[in-house]
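J.: what's the 3D shape of this:
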Amino acid sequence: MDRYERILSLHRLLKSARYPVSLQRLKDELGCSRATLYRDIAFLRDALGAPIESGEGEQAAFRYDQAEAERFELPGLWLTSDELSALMALNELIGKSGPGGILSDALQPFQSRIQTLMSDHVSGMKLPIERIRVIGSGMRKLDQASFRAVAGSVMARKQLKFRYRARSTGSTTERVVSPQRLAHYRDNWYLDAWDHEREALRSFAVDRVAAAQMLEAAAIDRADAELNEHLAASYGIFSGKPKAEATIRFSPHASRWVADEHWHSQQKGQFLSDGRYELKLPYSNSKELLMDVLKYGPDAEIVGPLSLREEMKILLQLAIGAYQP
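T.: Predicted structure coming up:
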C-alpha cells in the first residue's frame, strides 16, 4: 500500500470509528511501521486539517473529534487504485453509451474530470485505459435533445410532452405523460411513464421520441408496487401482467450457460436427471421471449404452454421456408 492509499485508508478508519482506534490496530490495518504511521497522522492533521485527537505512549489511540468528524472530508477527490479502476470502466461506458456517444455531450464535464483523474500516476504507473473495452450491440440512434428532455423530466419530476412514432404501426401520436423511470435495457433506453390520455402505464422507446418538451406541471407519481406489477412482472421490455408461464428445456450443452443467466426476476430453474436444464418464467407478450429462445437453435425446446410452443413451430417453419429453392 503506497502513501496515497494509506492516507485515504487512515482517514476512513478514523472517520468511521465510534471509539478511539489503537496504535497497534492502525499499524496492522495499514501494514506500516510506527514511524510511518506517525508521519501519516501528522500529514493528515497538519497538512490536510483533519480533526485528530490522540493519546500518548504505547497505548496511544486516535480518533476524529466527534463534533468535527461529520463536516471534515479530504480535499478534492481521493480514490484507491481499485476505485480508480472502476472509474476507468465507467469512463469507457460513458463513451460507448450509444452510437456516436449519445451521452458524451451531456456528460462531457464529468467525463473530462474522470480523464483528468486517470492521467495522474497511481503507485508510479500510468493507468492503461486501453485495457478496458465496452462493446455495444443493437444500439439504436437517439436524438440527444429529446434524450436530455426525457432524462431531465424524470429527475425533475415534471410532466413531459412529445411526439411518439410507434415502431409496430408506423403512426405518430402526441403524448403527455408523467415520467416514472428511465430504463437502460439491452443497450437501448426506455421511458416508463403514466400516459395521461390513456390513463395507464406505458413504456416508450426513447429512440422513437421526438420534439420532447418538459412541462411546468408536476409529474403524477405512481406507487412502486404498481410500477413493478405492471412494468417488471412480465418478460423483457413488454409491460402488463403475465398471462402465462413459459417452460423451456435446454440441452446439456446449453445448460452450462443458461443455468447462470438471468432471464427474469421470478424465474425458476432446475437441472433434470438427463443433464438438461428446465427454465420457467412469466410472460405477457411472446415476441421477445421467442427471439431469445431462437438464438439457442436446436439446444432449446419450448415445452409449454401449448400456444407458445405452436408459435415457435410456426416461426421455425417460416424460417425453413425462407431457405427453400
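J.: Output the contacting helices and strands for the helix or strand in which Thr247 is found.
T.: Using DSSP states H and E, the secondary-structure element containing Thr247 is strand 244-250. For strand 244-250, the contact count by 3 or more CB pairs under 8 Å, 6 or more residues apart in numbering; DSSP states H and E identifies strand 277-283, strand 300-304, helix 306-321 as packing neighbours. C-beta: built from backbone N, CA, C; applies to glycine.
J.: Mind checking those for the one nearest to Met291?
T.: Ranking the helices and strands packed on strand 244-250 by proximity to Met291 (CB to CB) places helix 306-321 first, at 9.2 Å.
J.: buried set for the closest one?
T.: Neighbour-count burial for helix 306-321 flags Leu308, Glu311, Met312 (criterion: 16 or more other CB atoms under 10 Å).
J.: what's the answer for stretch 177-189, then?
T.: In stretch 177-189, residues buried by neighbour count (16+ other CB under 10 Å) are Val177, Ser178, Pro179, Gln180, Leu182, Asn188, Trp189.
J.: spatially speaking, which residue is in the middle of this structure?
T.: Relative to the mean C-alpha position of the chain, the nearest C-alpha, by CA atoms, centre = their mean, is the one of His184, at 7.8 Å.
J.: and the nearest residue to it once chain neighbours are set aside, what element?
T.: What sits nearest to His184 in space, not counting adjacent residues and going by CB to CB, 6 or more residues apart in numbering, is Tyr190, at 7.9 Å. Assigned by DSSP H and E, Tyr190 falls within strand 188-195.
J.: Note down every partner strand of that strand and its orientation.
T.: Strand 188-195 has these partner strands in its sheet, going by DSSP bridges: strand 172-185 (antiparallel), strand 200-205 (antiparallel).
J.: Now do the next helix-or-strand element following the last one against strand 172-185, angle only.
T.: If I follow you right, that is strand 200-205. Taking DSSP H and E as the definition, the helix or strand that follows strand 200-205 towards the C-terminus is strand 209-218. Calculated by axes from the mean of the first three to the mean of the last three CA atoms, to 10 degrees, strand 209-218 forms an angle of 90 degrees with strand 172-185.
J.: so the helix or strand just after strand 209-218 versus strand 172-185, what angle?
T.: Using DSSP H and E, the next helix or strand after strand 209-218 towards the C-terminus is helix 224-231. In this structure, helix 224-231 runs at an angle of 100 degrees to strand 172-185, with the same axes, to 10 degrees as the basis.
J.: For the residue nearest to Tyr296 when sequence neighbours are not counted, grab the count of nearby residues.
T.: Leaving aside its sequence neighbours, Tyr296 sits nearest to Ala254 (CB to CB, 6+ apart; 5.4 Å). One way to gauge burial is a neighbour count; for Ala254, by other CB atoms under 10 Å, it gives 17.
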